Every structure is written in structure tokens, then in C-alpha cells.
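Novice: any chance you can model this:
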Amino acid sequence: MTKKIVVTGIGATTPLGGTATESWKALLAGESGAKTLEHDWVAEHSLPVTFAAQAKVRPEEVLERIEYKRLDPSSQFALISAREAWADAGAPDVDPVRIGVDYSTGIGGLWTLLDAWDTLREKGPRRVLPMTIPMLMPNAAGAAISMAIPSRAFARTDVSACASSTEAIANAYAHLQAGLADVVIAGGTEAVVHPLPIAAFASMQALSKRNDDPAAASRPYDISRDGFVLGEGAATLVLETEEHALARGAKIYAELAGGAVTSDSFHITAPDPEGTAAARAVRDALEVAGATTDQVTHINAHATSTPVGDIAEYKALLRIFGDHLPNIPVSATKAATGHLLGGTGALEAIFTVLALHHRTAPPTINLTEQDPAIPLDVVTSPRDLGSGPQLAISNSFGFGGHNAVAAFRSV
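Specialist: Numbers count the residues shown, from 1 in each chain. All right, here's what the predicted structure looks like:
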């Protein structure tokens with residue numbers, strides 16, 4: 001028997017705000033989290049891209065000093081967002097063996113790794129911190145959350161580039177259906193606003209180079225789009241069976257109706273230009289949700305603002321929705337937040353949940369001249385979704401050909 005899975009808590013620390021609520025308000029207001037980087041290393045390394053979307057509230061303003069010192073920034077963000085989500089869910093009194101963690105990152109503790117390498121080269125092995133490995137390992141964020149809550153059912157880590165946290169949500173759905181836990185904390189994090197990733201992404205022509213206007217740099221679907229804006233932060237959802245949520249009197253934001261994961265098997269960085277496997281992920285997520293294409297009323301698109309990526313996603317959506325696609329309001333929220341890589345899917349899942357909860361599709365900023373090759377109904381100002389039943393999907397696609405889609409239903 002299929003169980004109904006619901007969202008009972010949300011938390012986020014993002015370029016738009018230090019909480020999920022603050023981030024949502026800034027998103028609706030059309031704000032941008034992208035700003036010029038004020039770090040000496042930008043000039044030191046002559047970086048071709050001098051801006052990014054950094055978290056608006058720094059972890060040291062939130063965490064205890066000992067936590068801040070013993071966690072990589074990626075784990076710091078994760079812990080902050082998870083604590084917010086858990087508190088938002090009412091900090092349920094649940095046996096830890098019935099609480100699971102499905103968390104994710106695209107890269108992991110990059111700051112710790114590269115700082116340790118610098119220390120080794122400049123000061124020798126005796127000065128490398130003993131906590132280096134526990135801080136840099138990709139599962140560190142999930143482990144930190146599982147110890148803080150606590151969670152003893154499982155603590156699993158998904159690493160599938162920019163699809164990571166949507167895949168974590170899809171896995172959480174499956175784990176709850178399988179009865180492995182009553183409550184799962186799911187999400188993702190990333191903290192790689194660092195000279196090396198900026199140089200590397202810029203070298204592959206993936207980043208926007210609008211150094212003179214960072215706030216307008218991420219331009220999904222715009223004819224002048226020239227790449228994504230690197231972002232950082234984390235987002236977390238508390239998921240549980242409806243039966244469990246109702247029994248404890250929890251508030252419910254929306255239903256997680258299904259999720260699906262596929263692979264392009266095409267290219268390590270470029271998406272399949274025809275969107276074949278991405279389309280299958282959308283189809284499979286809707287099939288798990290027991291939904292038809294004409295029931296979909298909103299899409300939060302992956303829409304990174306890259307010339308090839310936006311078109312590939314459009315082709316994938318067209319394969320599935322056909323003539324119904326022009327009727328679906330599409331939001332591309334990376335225009336405001338930048339691209340949080342492994343954390344982006346969870347953040348966009350929260351925005352999708354809040355869109356259903358508040359019956360409002362969030363705006364896509366910076367769209368001044370829409371690419372005629374992508375004739376979507378792009379939401380450019382907050383739009384009322386209406387009072388009827390709502391079903392929305394959130395798409396995430398990543399390097400390696402990873403595709404993940406989550407479907408949510410209004411309650």
C-alpha cells in the first residue's frame with residue numbers, strides 16, 4: 001500500500017536570507033543574491049569572474065564557536081538549515097531509530113581540503129589539523145545533522161552534482177515508503193565560492209561574466225544569457241508519512257507525491273540536447289505521483305541560465321507536456337539565488353512547496369527578452385496559482401548526466 005508522504009518542516013540559509021521564510025520573501029520581492037566578491041583572492045588570482053551569490057547570513061553569526069571551528073562551511077550551512085527545519089516541524093518527539101537522514105552535496109568540504117593542502121605545502125604535515133578528514137568528507141553534513149537531531153535509522157549521502165539534493169528527496173520518499181523510518185530529514189548543501197571552482201567553471205565557459213552587473217547576471221531563458229552564477233547555502237525538508245504527521249498534530253505544507261532519477265549516459269558536462277532521459281525523469285515522477293500531465297499547474301525549472309542547458313530542459317518538458325506546456329507557469333528561481341550546485345534542488349523544492357502552500361508562483365527576474373526558441377510561460381512577477389488542486393514539479397540536472405525530479409501536491 002502506497003503511503004502519503006508530507007512536508008512538515010522547512011529550513012534554508014541562502015543568498016537571499018538566513019531562513020527559508022526570509023529567502024521566500026526576498027524571492028517574491030524580486031531581489032538578487034548575486035554581488036561582487038570582496039575578497040583579496042579575487043585580485044590575487046586575477047579571476048575572470050568577480051562575483052557570486054554568497055549566503056546572506058554567515059555561519060559564524062549563527063553557530064556556536066566550537067561547531068563553527070569543527071565543520072567545513074558546507075556542513076555549517078547544512079546544520080543551520082536542518083535545525084530550522086526541525087524546529088519548524090515542531091521538533092517532534094520521535095524515537096531516533098525511526099528518524100533518517102537523506103542529505104547531499106555536489107562537491108563536499110572543498111574549503112577544508114584546499115586549506116589543508118596549503119597548510120601542508122607551507123607549514124608541513126604537523127600543522128595539518130587532525131579534524132581535516134572528518135571535515136572534508138562528503139558525508140560530513142549528513143553526519144552532523146544525524147548527530148544534532150539525533151537520527152539513528154540511517155544517514156545517507158547523495159553525490160550527483162547539481163541533481164544531488166533532488167535525488168536525496170526522491171530517495172527519502174522511497175525510504176519512507178519502504179518503512180525504514182517515520183521521519184526523514186532531506187536536503188542538500190554547497191559551499192564552494194572559492195577561487196579554484198570559480199576559475200574552473202569560468203574556464204569551461206559555464207559562468208556568466210557580467211562583472212559590471214552581478215544582480216542581472218543570471219538570466220534564464222533570456223536571449224542574452226551567458227552562464228550561471230555560483231551560489232552557496234543549504235536547504236532542508238522534514239518529510240514524514242501523513243499518518244505519523246496527523247498523529248502528532250503537525251502542520252503540513254504539501255504532499256511529496258513522488259520522485260524519480262534517470263541518467264543521460266551522454267556527456268560528462270553537457271546535457272543531452274534532446275532531453276530524452278530528463279523527460280523520462282519527469283514522466284516517472286508523475287507516474288509515481290499517480291498524476292497525469294494535464295494536472296501539473298506549476299514547474300520550478302532547473303534553468304541555470306546557460307545557453308545549451310535551458311533549451312535542453314525545454315525540449316525535455318515539451319516531450320512530456322506537449323500542447324499543455326504553454327499553460328503551465330514556469331519559475332526559474334536561480335535567477336535570484338544563483339546556482340547552489342548540490343544544494344540547489346532542495347532549495348527549489350522548498351520554493352515549490354511554498355508556491356503550493358501560498359498558491360503563488362515566484363518570479364523569474366532578469367528576463368528582458370525571452371529566447372524565441374524557448375516559448376514557455378515564464379513567471380516574471382508573483383502569480384496567483386488559484387484555489388483549486390495544485391501539482392508542481394521541481395527539476396534538477398547535473399554534470400554526469402544526472403536527472404532528478406520531485407513532484408509535490410497541494411493539501
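Novice: name the SS class of the most centrally placed residue in the chain, please.
Specialist: The centre of the chain sits closest to Thr344, judged by CA atoms, centre = their mean, with a distance of 2.0 Å. Three-state assignment for Thr344 (DSSP: H, G, I helix; E, B strand; the rest coil): helix.
Novice: which parts of this structure are helices?
Specialist: 20-28, 40-44, 65-70, 73-88, 110-123, 132-136, 140-148, 164-177, 195-203, 242-247, 276-288, 307-321, 334-337, 344-358 (DSSP state H).
Novice: deepest in the core, which of those helices is it.
Specialist: Greatest average neighbour count among those goes to helix 334-337 (a mean of 30), per mean count of other CB atoms under 10 Å. Any C-beta I mention is one placed from the backbone N, CA and C, and that applies to glycine too.
Novice: what sits up against that one?
Specialist: Outside helix 334-337, the residues that touch it by CB atoms under 8 Å, 6 or more residues apart in numbering are 14-16, 23, 26-27, 30-33, 53, 218-220, 228-229, 231, 233, 302-305, 344, 347-348, 363-367.
Novice: circling back: and the helices of the chain: which comes nearest Pro372?
Specialist: Evaluated over the helices of the chain, closeness to Pro372 peaks at helix 307-321, with 11.2 Å, by CB to CB.
Novice: tell me what angle the closest one forms with helix 276-288.
Specialist: Interaxial angle, helix 307-321 versus helix 276-288 (axes from the mean of the first three to the mean of the last three CA atoms, to 10 degrees): 40 degrees.
Novice: packing partners for helix 307-321?
Specialist: Contact here means 3 or more CB pairs under 8 Å, 6 or more residues apart in numbering; DSSP states H and E; on that basis helix 307-321 packs against helix 276-288, strand 391-398.
Novice: convert it to PDB, retaining C-alpha atoms only.
Specialist: The C-alpha trace of helix 307-321 is given here as PDB (Å, rounded to 0.1, in the frame of the first residue of the first chain):
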ATOM      1  CA  PRO A 307      22.800  28.800 -23.500                       C
ATOM      2  CA  VAL A 308      22.500  25.000 -24.000                       C
ATOM      3  CA  GLY A 309      21.000  23.900 -20.700                       C
ATOM      4  CA  ASP A 310      17.900  26.000 -20.800                       C
ATOM      5  CA  ILE A 311      17.000  24.700 -24.300                       C
ATOM      6  CA  ALA A 312      17.700  21.100 -23.400                       C
ATOM      7  CA  GLU A 313      15.300  21.300 -20.400                       C
ATOM      8  CA  TYR A 314      12.600  23.000 -22.600                       C
ATOM      9  CA  LYS A 315      12.900  20.100 -25.100                       C
ATOM     10  CA  ALA A 316      12.500  17.600 -22.200                       C
ATOM     11  CA  LEU A 317       9.400  19.400 -20.900                       C
ATOM     12  CA  LEU A 318       7.900  19.600 -24.400                       C
ATOM     13  CA  ARG A 319       8.400  15.800 -24.900                       C
ATOM     14  CA  ILE A 320       6.200  15.200 -21.800                       C
ATOM     15  CA  PHE A 321       3.700  18.000 -21.800                       C
END
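Novice: surely the residue nearest to the centre of the chain meets Gly231?
Specialist: Yes: counting by CB atoms under 8 Å, Thr344 touches Gly231, with 7.4 Å between them.
Novice: who touches both of the two?
Specialist: Jointly contacting Thr344 and Gly231 under the rule CB under 8 Å, 6+ apart are 190, 334, 337.
Novice: can you redo the helices and strands packed on helix 307-321 as CSV with mean pLDDT and distance to Ala82?
Specialist: Shown next, in CSV, are the helices and strands packed on helix 307-321 (pLDDT from 0 to 100; distance: least, CB to CB, whole Å):
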stretch, mean pLDDT, distance to Ala82
helix 276-288, 98, 24
strand 391-398, 98, 19
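Novice: export these to TSV and tack on distance to Ile252?
Specialist: Shown next, in TSV, are the helices and strands packed on helix 307-321 (distance: least, CB to CB, whole Å):
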stretch	distance to Ile252
helix 276-288	19
strand 391-398	16
